[in-house]
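Asker: okay, predicted coordinates and the sequence, questions at the end:
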Amino acid sequence: AQSVTQLDSQVPVFEEAPVELRCNYSSSVSVYLFWYVQYPNQGLQLLLKYLSGSTLVKGINGFEAEFNKSQTSFHLRKPSVHISDTAEYFCAVRGGNEKLTFGTGTRLTIIP
Amino acid sequence: KAGVTQTPRYLIKTRGQQVTLSCSPISGHRSVSWYQQTPGQGLQFLFEYFSETQRNKGNFPGRFSGRQFSNSRSEMNVSTLELGDSALYLCASSRRGREDGYTFGSGTRLTVV
């Protein structure tokens, strides 16, 4: 079985400050890892994904994430946030023949 | 290119009724998955289809069913609706479903009264 833990349910950050959204996963097999963003009244949009290779993955909107196998983590970072980054962010994992499993989400609020 | 299209966007049903939701994936995508999203339970996996075959199924009662057609379009059906079925139902498609990132539709907001 696989699971995802997003350690923070809400993260408030001042505009132009850096942010890190934390994600830890559990799986008995090799995994693919994803971050999605959801804006109000919309579906989820893929930010970035880790399949293999370089552990630092760059995505859209200036976001990046680092895969750390020893710590089973896949934290999402952005060096400088904007008001438009206000949204809910979901980490997801998929291993073997398992379904895509999502974390409970982190609501990012940007403070002007 | 067109995204994942879900119809209808909003639906109000009464307890005991049944409902059918539709999903048209991106052209060329053969994998379709369905998720239920609620404030309390988050994103819960319902089913995954690939080339008309159900590949994975979540832990939902038998009232929830789905299918995929030869053109990859998918439908999900909920019978004997309960108040707790009120949720945002999201459909997602991908080329093959495993290492691909899913593309999600905007969802169908179902309210059961």
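Answerer: Alright, I've got the coordinates.
Asker: list the beta-bridge partners for the most centrally placed residue in chain B.
Answerer: Nearest to the mean C-alpha position of chain B, by Cα atoms, centre = their mean, lies B:W34 at 3.3 Å. Beta-bridge pairing of B:W34 under DSSP bridges involves B:F47, B:C91.
Asker: quick one: it from chain A, how far?
Answerer: Distance, B:W34 to chain A, using Cβ to the nearest Cβ, to the nearest Å: 11 Å. The C-beta positions use only the backbone N, C-alpha and C, and glycine is treated the same way.
Asker: show me the contacts for that residue.
Answerer: B:C23, B:F45, B:L46, B:F47, B:E48, B:G66, B:S74, B:M76, B:Y89, B:L90, B:C91, B:A92 (Cβ atoms under 8 Å, 6 or more residues apart in numbering or on different chains).
Asker: neighbour-wise, which of those residues leads?
Answerer: The most crowded member of the contacts of B:W34 is B:C91, carrying 30 neighbours; neighbours defined as other Cβ atoms under 10 Å in any protein chain shown.
Asker: that residue touches B:I26, doesn't it?
Answerer: No - between B:C91 and B:I26 there is no contact under Cβ atoms under 8 Å: 10.9 Å.
Asker: need the overlap of contacts for these two.
Answerer: Counting by Cβ under 8 Å, 6+ apart, the residues touching both B:C91 and B:I26 are B:V4.
Asker: what residues does chain B put near chain A?
Answerer: B:4, B:33, B:35, B:42-43, B:45, B:48, B:55-56, B:58, B:90, B:92, B:98-99, B:101-107 (Cβ under 8 Å from any Cβ of the partner chain).
Asker: out of those residues, which are buried?
Answerer: Among these, those classed as buried by 16 or more other Cβ atoms under 10 Å in any protein chain shown are B:4, B:33, B:35, B:42-43, B:45, B:48, B:55-56, B:90, B:92, B:98, B:101-107.
Asker: so which bits of chain A are right by chain B?
Answerer: So far as Cβ under 8 Å from any Cβ goes, chain A lies against chain B at A:32, A:34, A:36, A:41-46, A:49, A:51, A:90, A:94, A:97-105.
Asker: restricted to helices, list these.
Answerer: The members of the residues of chain A next to chain B all map outside helices under DSSP state H.
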